[in-house]
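Engineer: No letters, just coordinates:
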């Protein structure tokens, strides 16, 4: 993965699906979602003139293609992660795990097993409620972002101390600017007539403070593209070891993209050494980026079972909580047919682990707008709307043995079990994984203990 810094040349505009009329400002100053940055690099590759030298793809997903579909899709190998706030090009920050509630790296929210789950309102398949070991308070002193070094200490559990400079809120590195604009008629490109007659709007814009950038990891290895210096990496060729201006977000806002020599800055998860209780090994999975798990309807012909999706990952059995991730090697071998590969993976046994608790923040909406495609006759318009689980959500698992816990961590960590990864191995979001959704790291956890004067187990 290439490590890239985006330096805005002006304010940025990241609008969500809400309207911008009257007093509604469209919430354009929010931190950008991963799909926005992916779209920016995808558009930059199209403008670069590299498309004629790359491998074309057919339109379709998951092996389902339209009859006689032409190979007219480009840059299908693009994979991105981020953006994350970066200070002075060196210190990366990541979303705070939701089990942290104070100014330390010691989890305040822990699963409690001292209650009767049969008498609770917990949804299936959860077994334990999550209790707060801190005294009740209306104020939360935990900040929204943790530095990469502090995040890894949190995962390792080695040092709960947190320096003031290691955590930030959005207001510490961004400002919101408001502007009033005049609506433009889409037919004529002018104001004051047509659909735009008499219409104005208000908008919020995001301005990054000085010395702050947006950090992104990206790669696009194309099997037909060959560059004498950069090989098959389209992203590296696009930037060419220098700087390049790309459009990021709405209203044609510009960022200067430059590559760095630093290794992949994403924090590493735990791959071994999980705590044990009553023969069960305790693994937690924390999202570094949002994840989308849609509702799935049963399809017997494709060996697909129904699943509610939403907050519950599609790779978790909806009633029992058992993980459906495979314990064997699921990597597709070179030259192995897609059908053969899927049959081989389907025959492998699942990892012996179970989801028992979770901390899920409020979901947010992921949507977009597609332009008409004259080549295929697609009319364009609003894209599908999804509810995503935000970054920082925590999922708690119990594994049957130490070896099963290691297999679970290998399947859930974005880097697998590698200590010095060079690429992203796992993206556990059912949708939008190639756009940076579903990245997570594993740690260990313990049951609720009395550390703040409360009675607890």
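Structural biologist: Thanks, I have the structure now. Fair warning: this is a prediction, and the values are worked out from it, not measured in the lab.
Engineer: Please make it C-alpha for all contacts and neighbour counts, starting now.
Structural biologist: Noted.
Engineer: Would you map the helices across the stretch 1-150 of the chain?
Structural biologist: Taking DSSP state H, counting those that start in this stretch as the test, the helices found in the stretch 1-150 of the chain are 34-47, 148-156.
Engineer: What lies in contact with the longest one?
Structural biologist: Going back to what we said before, that points to helix 34-47. The contact list for helix 34-47 (CA atoms under 8 Å, 6 or more residues apart in numbering) reads 51, 75, 78-83, 234-235, 238, 246-249, 289, 432, 435-437.
Engineer: In that helix, which residues are buried?
Structural biologist: 34, 35, 36, 37, 38, 39, 40, 41, 42, 44, 45 (16 or more other CA atoms under 10 Å).
Engineer: and if you look at the last one?
Structural biologist: Under the neighbour-count criterion of 16+ other CA under 10 Å, helix 148-156 has 148, 150, 151, 152, 153, 154, 155, 156 buried.
Engineer: wouldn't the fourth one be in contact with residue 265 here?
Structural biologist: Same thing as residue 152. No - Residue 152 is beyond contact range of residue 265, at 11.0 Å (criterion: CA atoms under 8 Å).
Engineer: quick one, which of the helices of the stretch 1-150 of the chain is nearest to residue 407?
Structural biologist: Closest to residue 407 of the helices of the stretch 1-150 of the chain is helix 148-156 (CA to CA; 17.5 Å).
Engineer: on that earlier part again, mind putting the helices of the stretch 1-150 of the chain into JSON lines with distance to residue 222 and mean pLDDT?
Structural biologist: Formatted as JSON lines, those follow (distance: least, CA to CA, whole Å; pLDDT from 0 to 100):
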{"stretch": "helix 34-47", "distance to residue 222": "12", "mean pLDDT": "90"}
{"stretch": "helix 148-156", "distance to residue 222": "30", "mean pLDDT": "93"}
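Engineer: Any chance of these in CSV with distance to residue 444 as columns?
Structural biologist: Below are the helices of the stretch 1-150 of the chain laid out as CSV (distance: least, CA to CA, whole Å):
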stretch, distance to residue 444
helix 34-47, 27
helix 148-156, 8
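Engineer: who wins for proximity to residue 315 among those helices?
Structural biologist: Taking those one by one with CA to CA, helix 34-47 is closest: 21.7 Å.
Engineer: so what's residue 442 up against?
Structural biologist: 155, 269, 270, 271, 283, 284, 285, 286, 409, 412, 413.
Engineer: In helices, which of the residues you listed fall?
Structural biologist: 155, 409, 412 (DSSP state H).
Engineer: Go through these and say which is closest to residue 449.
Structural biologist: Taking the ones in helices among the contacts of residue 442 together and measuring to residue 449 by CA to CA, the closest member is residue 155, at 18.8 Å.
Engineer: Name all residues that make contact with that closest one.
Structural biologist: Contacts of residue 155 by CA under 8 Å, 6+ apart are 269, 270, 442, 443, 444.
Engineer: any idea how far residue 260 is from it?
Structural biologist: Distance, residue 155 to residue 260, using CA to CA, to the nearest Å: 26 Å.
Engineer: before we move on, back to that, could I get the buried residues of helix 34-47 in JSON lines, plus columns for distance to residue 338?
Structural biologist: JSON lines is the format used below for the buried residues of helix 34-47 (distance: CA to CA, whole Å):
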{"residue": "34", "distance to residue 338": "28"}
{"residue": "35", "distance to residue 338": "27"}
{"residue": "36", "distance to residue 338": "30"}
{"residue": "37", "distance to residue 338": "30"}
{"residue": "38", "distance to residue 338": "26"}
{"residue": "39", "distance to residue 338": "27"}
{"residue": "40", "distance to residue 338": "30"}
{"residue": "41", "distance to residue 338": "28"}
{"residue": "42", "distance to residue 338": "26"}
{"residue": "44", "distance to residue 338": "31"}
{"residue": "45", "distance to residue 338": "28"}
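Engineer: Show the pLDDT at the closest residue to residue 146 other than its chain neighbours.
Structural biologist: Excluding its sequence neighbours, the residue lying closest to residue 146 (CA to CA, 6 or more residues apart in numbering) is residue 167, at 4.6 Å. With respect to pLDDT, residue 167 has a value of 93.
Engineer: check contacts around residue 167.
Structural biologist: 93, 143, 144, 145, 146, 147.
Engineer: If we use 10 Å, what do you get?
Structural biologist: 93-96, 103-104, 142-148, 150-151 (CA atoms under 10 Å, 6 or more residues apart in numbering).
Engineer: Please report how far it lies from residue 284.
Structural biologist: Distance of residue 167 to residue 284, given as CA to CA: 22 Å.
Engineer: what about stretch 195-215, average pLDDT?
Structural biologist: Rounded mean pLDDT across stretch 195-215 is 84.
Engineer: That one: which residues count as buried?
Structural biologist: Buried, per 16+ other CA under 10 Å, within stretch 195-215: 196, 199-208, 212-215.
Engineer: Tell me how far the strand or helix carrying residue 180 lies from the chain's centre.
Structural biologist: Using DSSP states H and E, residue 180 maps to strand 174-182. Distance of strand 174-182 from its chain centroid, counting by CA atoms, centre = their mean, to the nearest Å, is 27 Å.
Engineer: List just the nearest of the buried residues of helix 148-156 to residue 87.
Structural biologist: Of the buried residues of helix 148-156, the one sitting nearest to residue 87 (CA to CA) turns out to be residue 148, at 11.3 Å.
Engineer: That closest one and residue 264 touch, don't they?
Structural biologist: No - in this structure residue 148 lies outside contact range of residue 264 using CA atoms under 10 Å: 11.1 Å.
Engineer: quick revisit: got the ones in helices among the contacts of residue 442 as TSV, with distance to residue 324 columns?
Structural biologist: Converted to TSV, the ones in helices among the contacts of residue 442 look like this (distance: CA to CA, whole Å):
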residue	distance to residue 324
155	24
409	14
412	12
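Engineer: who's in contact with the residue nearest to residue 113 when sequence neighbours are not counted?
Structural biologist: Leaving aside its chain neighbours, residue 113 sits nearest to residue 128 (5.7 Å; criterion: CA to CA, 6+ apart). Contacts for residue 128 (CA under 10 Å, 6+ apart) come out as 110-117, 120, 122, 355-358, 396, 447.
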